[in-house]
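Undergrad: What would the 3D arrangement of this be:
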Amino acid sequence: MALMPKRVKHRKSQRGRIRGNATRGNRVVFGDFGLQAMEGGWISSQTIEAGRIAAQQYVRGEGRLYIRIFPHKSVTSIPLETRMGKGKGEPDFWAAVVRPGTVLYEVAGITEAAAKICFARLAHKMPVRVRLVKRDDSK
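TA: The predicted structure follows:
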């Protein structure tokens, strides 16, 4: 089932611009390895769910998967072959706004080789460039 907010104050949101790098949610916190975005963009709730299924099938019983993003933004669209005017379109899908450096998914309880294979499967589904990052326990 695709993710979306239970309630929102306003149904329609402006597009906005993605500027700068992520200052929050840019470290691996829950798991041992993470999938980090290297560029900004929108990730739809369907894409997040597709990534979850792909990772869950690989991880199965031995590991744990954490999803670190949530689609808060409603993206609207006007039907095809509609004339100009008549206002803003209806909400079409929900998307998570991702800045460069945001950790999208994390896994715990599996080896680095297994995490690399698992995240390679996820990387194919993501609309942004991603990389594997390890947990930094130096702090």
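Undergrad: who touches Pro71 in this structure?
TA: Contacts for Pro71 (Cβ atoms under 8 Å, 6 or more residues apart in numbering) come out as 3-5, 43-45, 48, 94-96. Where C-beta positions appear, they are placed from N, C-alpha and C, glycine not excepted.
Undergrad: can you tell me which of these are in helices?
TA: Per DSSP state H, helices hold the following members of those: 45, 48.
Undergrad: Relative to Phe30, which of the contacts of Pro71 is nearest.
TA: Lowest distance from Phe30 to the contacts of Pro71 (Cβ to Cβ) belongs to Ile48, with 16.2 Å.
Undergrad: Wait, the closest one touches Leu3, no?
TA: Yes. Between Ile48 and Leu3 there is a contact under Cβ atoms under 8 Å: 6.0 Å.
Undergrad: ok, back up a step: max pairwise distance over the contacts of Pro71: which two?
TA: Taking Cβ to Cβ as the measure, the contacts of Pro71 span a maximum distance of 15.2 Å, between Pro5 and Ile43.
Undergrad: With neighbour numbers in mind, choose between those two.
TA: Counted by other Cβ atoms under 10 Å, Pro5 and Ile43 do not tie: Ile43 has more neighbours, with 21 against 12.
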